[in-house]
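1. test case, fold it:
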Amino acid sequence: MTYEQALSYIESKKAVETLPGLHRIRALMAALGDPQRGYPCVHVAGTNGKGSACAMTDSILRHAGYRTGLCTSPHLIRFNERIQIGGAPVSDELLAEATERVRAAAEAMEEGPNWSEVVAAVAFVVFAMEKVDAAVLEVGLGGEFDATNIIPAPACAMIMNIGYDHTAMLGNTLEEIASAKAGIIKPGGDVVIYRGEPGVEAVFEKAAAERGAVLHRADFDSIVPVSETIDGQIFDACGRRGLTLPLAGPHQQRNAAVVIAAMDILRGRGWHISEEDIRAGLAEVVWPARFEVVSRDPVIIVDGGHNPQCLESAVDALRRLLPGRRIVILAGILRDKDVEEMVERLRQVSDEYVTVTPHSPRAMEAAELAELIRARGGTALVGGDLSAGIRRAVTLCGKDGAVCCIGSLYLAGEARQIVLSGRY
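-> Residues are numbered from 1 along each chain as shown. Predicted coordinates:
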């Protein structure tokens, strides 16, 4: 199997419609020899912040000398970004070899796996082939029935901030969504939760108590901001002073507090993670397209915010870090998101927009988004393709302004590549 054939096979699974359940991934992994049982895992669920938490965790563990496997979603440019070994995307050759093994096992099944199950299986096989010391797994959707939940009790689980997203599948209340996320809590395990609504925390308390797991609350009260720029921040948290994080926003401080609590749990389990590993891992974490400055002249920021809660964090950062600046929003949003609420959040920081259409079958057309913005009192230009949209936004913001590309992670990834390569 070639790399192109592997991607084609994985892509073909998007057409497979299945009911929720873990029976397919269980059967598939059993046929593959259950490679997911061969290394300890850190499992991360949540609506927002789980990708950042995975990146921080992976960075800390690598600094501690562990050979890590990292599985996150979605990718920005290449599929390989979803599966990383030691901080680098899996090679084309290794991805193809692992996919061939998964395909052979899947074709022998009576009920074949869906797309997310194939992707998880490929990641598990890659990690086994590469003999990782530990795997950091981001839940793709929900928790209970996510394909990554085939793992035994993880070394530690984290449940990040809970918000409204994928409500058609997870529920219409925060408590219902939290219940789905709580599915990763397993008997005898430890779980760290991001502090939130009392009703949400009660869901996690109940799940942990019923399953004999130990629940830990991240220590947000210990967080003391020291300084912040668009390049990152310094803060105190969890008994540590002067922590450096190259990610902007108070929400990232809270994400870090969850991760630090998880690292302390792993240390208690005998993992060799020093204080310097925690500090260095946080200071050197790389998590692209999350309020990332990709140009300084002009200032262009790309952010993968794709729901109202994410956008609230980005809007807050724009207000604090670029006070008084003219900000033009380069927006592209998927149709199945809460588009109207997202626009309302963005209008708190700017009334000037350039709209583009993300490369996704679920995308809202740029012209339709522009009309929606105008109907709510903003001004909006339709940008054409993304390169043209970037040019129009840069021209509109002027020398002293800033452009923020936001609304979809797919859009942010492509915009990041265009700006960094100077193709606009």
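
2. helices or strands up against the strand or helix carrying residue 29?
-> Assigned by DSSP states H and E, residue 29 belongs to helix 23-31. The criterion is 3 or more Cβ pairs under 8 Å, 6 or more residues apart in numbering; DSSP states H and E, and the helices and strands that helix 23-31 contacts are helix 92-107, helix 115-129. C-beta: built from backbone N, CA, C; applies to glycine.

3. ok, residues contacting that helix?
-> Residues from elsewhere that reach helix 23-31 (Cβ atoms under 8 Å, 6 or more residues apart in numbering): 18, 35-36, 102, 105-106, 108-109, 111-114, 117, 120-121, 124, 147, 150.

4. same check on stretch 198-212?
-> Contacts of stretch 198-212 from elsewhere in the structure, counted by Cβ under 8 Å, 6+ apart, are 159, 162, 174-175, 178-179, 182, 185-189, 191, 193, 195, 213-215, 217.

5. mind checking which of those are buried?
-> Burial of the contacts of stretch 198-212 was assessed by neighbour count (16 or more other Cβ atoms under 10 Å); the buried members are 159, 162, 174, 178-179, 182, 185-186, 189, 191, 193, 195, 213, 215, 217.

6. so which of those sit within helices?
-> Among those, the ones falling in helices (DSSP state H) are 174, 178, 179.

7. now flag whichever of those is closest to residue 80.
-> Relative to residue 80, the closest of these is residue 178; by Cβ to Cβ it sits at 32.2 Å.

8. can you count the residues close to residue 108?
-> By the criterion of other Cβ atoms under 10 Å, residue 108 has 11 neighbours.

9. before we move on, back to that, among the buried ones among the contacts of stretch 198-212, name the ones in strands.
-> Applying DSSP state E to the buried ones among the contacts of stretch 198-212, the entries found in strands are 159, 191, 193, 215, 217.

10. which one of these is nearest residue 234?
-> Taking those together and measuring to residue 234 by Cβ to Cβ, the closest member is residue 217, at 24.0 Å.

11. okay, and the beta partners of the closest one?
-> residue 193 (DSSP bridges).

12. kindly state the pLDDT recorded for residue 167?
-> The predicted local confidence for residue 167 comes out at a pLDDT of 64.

13. excluding covalently adjacent residues, which one is nearest to the residue nearest the centre of the chain?
-> The centroid of the chain falls nearest to residue 51 when counting by Cα atoms, centre = their mean (2.9 Å). In space, residue 51 comes closest to residue 72 once its chain neighbours are excluded; the distance is 5.4 Å by Cβ to Cβ, 6 or more residues apart in numbering.

14. hmm, residue 139 and the one you found touching each other?
-> No. In this structure residue 72 lies outside contact range of residue 139 using Cβ atoms under 8 Å: 10.0 Å.

15. more neighbours, these two?
-> Set side by side, residue 72 and residue 139 give different neighbour counts by other Cβ under 10 Å, the larger being at residue 139 (28 against 23).

16. list the contacts of the more buried one.
-> Going by Cβ under 8 Å, 6+ apart, residue 139 touches 43, 44, 45, 46, 50, 146, 148, 149, 181, 184.

17. where does the second one land in three-state SS?
-> Under the three-state scheme (DSSP: H, G, I helix; E, B strand; the rest coil), residue 44 adopts strand.

18. dump the residue contacts of it.
-> Listed by Cβ under 8 Å, 6+ apart, the contact set of residue 44 reads 50, 53, 54, 57, 136, 137, 138, 139, 157, 158, 159, 160.

19. pLDDT at it, what is it?
-> For residue 44, the model assigns a pLDDT of 98.

20. longest helix in the chain, by residue count?
-> In the chain, ranked by residue count with DSSP H as the criterion, the top helix is helix 250-268.

21. Provide the contact partners of the next helix-or-strand element following that helix at residue level.
-> Beyond helix 250-268 in the direction of the C-terminus, DSSP H and E gives the next helix or strand as helix 275-283. Surrounding helix 275-283, the residues in contact under the criterion Cβ under 8 Å, 6+ apart are 56, 59-64, 240, 243-246, 256, 259-260, 263.

22. thinking again about what came up before, next up, phi/psi of the residue nearest to residue 51, please.
-> Dihedral pair for residue 72: phi -130, psi 170, per degrees, to the nearest 10.

23. and for residue 423?
-> Here the main-chain torsion angles of residue 423 (degrees, to the nearest 10) amount to phi -100, psi 50.

24. repeat for residue 379
-> Torsion angles at residue 379 (phi, psi; degrees, to the nearest 10) stand at phi -110, psi 140.

25. let me see the contact set for the closest residue to it other than its chain neighbours.
-> Across the structure, with Cβ to Cβ, 6+ apart as the measure, the residue nearest residue 379 apart from its sequence neighbours is residue 352 (5.6 Å). Contact partners of residue 352, counting by Cβ under 8 Å, 6+ apart, are 326, 327, 328, 329, 378, 379, 396, 397.
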